[in-house]
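**Student:** I would like the atomic coordinates for the input below:
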Amino acid sequence: MVHVNTRLALKVEGVIQHGQKPGLFRKIKQVTLHVTSSITQRHSKSSEHSKQTEPSSNDLRQNVEPHNDFFSTQFLLQFGIAGTHQVNVETTVIDEEGTIWKTGPKLSLNIKAYDDTLYQRPQTSQPPPPPSSQAMPAAQRSLSTNR
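**Tutor:** Just a heads-up that it's a prediction; the model follows:
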């Protein structure tokens, strides 16, 4: 779960696996990570409170150069509308000739975004309580009791 006013840091790490003979088919120059998200279910009250300018999806892409067949990168995702969001991560590789290979894994996960203001009850303003005799100075108490 993540609050709508914060961002989620998504770290993606991976190891490039070769067959029995590494480098037989291609040498990997870069790994492209494509992260997308979209809202799949809005919170019932979020449509009343959400602004039209709030993002309801993410579409981010990064190219990473692997070192010793290992790669790592991070994304900051924003979920501006309360509800359930589906995040998809797709991996492709680019060989030394610039050819794109869609051989990487695809991963999906669901993130719930919440908004505290949707659950707060409106507070009614109550008048302050009348002053008690305990709060009055001693001189005023004696005057009010002698009358």
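**Student:** mind listing what Leu33 touches?
**Tutor:** For Leu33, the contact set (C-beta atoms under 8 Å, 6 or more residues apart in numbering) comprises 12, 61-64, 73, 75, 89-91. All C-beta atoms are positioned from the backbone trio N, CA, C, and that covers glycine.
**Student:** Now the buried members of those residues.
**Tutor:** Buried residues within the contacts of Leu33, counting neighbours by 16 or more other C-beta atoms under 10 Å: 12, 64, 75, 89-91.
**Student:** about what we covered before: which pair in the contacts of Leu33 spans the largest distance?
**Tutor:** The most widely separated members of the contacts of Leu33 are Asn63 and Val89, with 14.4 Å between them, by C-beta to C-beta.
**Student:** before we move on, the earlier item: generate CSV for the contacts of Leu33, with distance to Ile81 as supplementary columns.
**Tutor:** Output for these, formatted as CSV (distance: C-beta to C-beta, whole Å):
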residue, distance to Ile81
Val12, 24
Arg61, 22
Gln62, 24
Asn63, 29
Val64, 29
Thr73, 26
Phe75, 18
Val89, 21
Glu90, 23
Thr91, 27
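**Student:** Just checking, which helix or strand of this structure averages the lowest pLDDT?
**Tutor:** Ranked by mean pLDDT, DSSP states H and E, the weakest helix or strand in the chain is helix 46-49, scoring a mean of 50.
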